[in-house]
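1. just coords:
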């Protein structure tokens, strides 16, 4: 079982006095659910530290992470490129890229590049930028499950590491598919 030691560079566990956790997380300003699933509070000798955590559990290698209307994506990610907007709106109307031409796929991939990392961060956390808002997770815990509900693997990432794992292959190159996201 792979278990990335997220806390390795911290002064824990010697400094931990108590740990509390809750799933009672405020909704996003838009009314939707927070991307934080668990808010862990570490009571340390030096004070409190909060860890907003997103938990993913799946039996498959790839999953859909978010479904939002195009206008919300544009606003919250800061997308202003008219080519990206036109093609994402087409994707929304068609419910996929099935009707995209090869040229449209290439255009979207190229024009999405300046937004790709912010877009992926937004999909995963609910915000395109690093935030201290506890509704936006700082830690991602991923459980790979068997069809029989056995835990096969546990991975713990900070958000930047998880964005990299979604976007980059093992050689550090942008993965194919997903228009560069």
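-> Good, I have the coordinates. Keep in mind that this is a model prediction, so the values were computed, not measured.
2. Please tell me how far residue 45 sits from residue 17.
-> 6 Å (C-beta to C-beta, to the nearest Å). Just so you know, the C-beta spots here come from the backbone N, C-alpha and C atoms, and that holds for glycine as well.
3. C-terminal to the lowest-mean-pLDDT helix or strand in the chain, which secondary structure element comes first?
-> When the helices and strands of the chain are compared on mean pLDDT, DSSP states H and E, strand 47-58 comes out lowest with a mean of 85. Past strand 47-58, further along toward the C-terminus, the next helix or strand under DSSP states H and E is helix 70-77.
4. ok, residues contacting that next one?
-> When contacts are defined by C-beta atoms under 8 Å, 6 or more residues apart in numbering, helix 70-77 is touched by residues 30, 79-80, 85, 88-89, 91-92, 115, 118-119, 122, 127-128.
5. same for the helix or strand harbouring residue 160, what does it pack against?
-> For residue 160, the element it lies in under DSSP H and E is helix 159-167. Contact partners of helix 159-167 among helices and strands, from 3 or more C-beta pairs under 8 Å, 6 or more residues apart in numbering; DSSP states H and E: helix 116-125, strand 139-145.
6. just for the protein, where's the confidence low?
-> Along the chain, the parts satisfying pLDDT under 70 run over 1-13, 61-66.
7. If you count residues, where's the longest helix of it?
-> helix 82-94 (DSSP state H).
8. Return the distance of that helix from the chain's centre.
-> Remark: helix 82-94 is offset 22 Å from the chain centroid, using C-alpha atoms, centre = their mean, to the nearest Å.
9. Okay then, goodbye and thanks.
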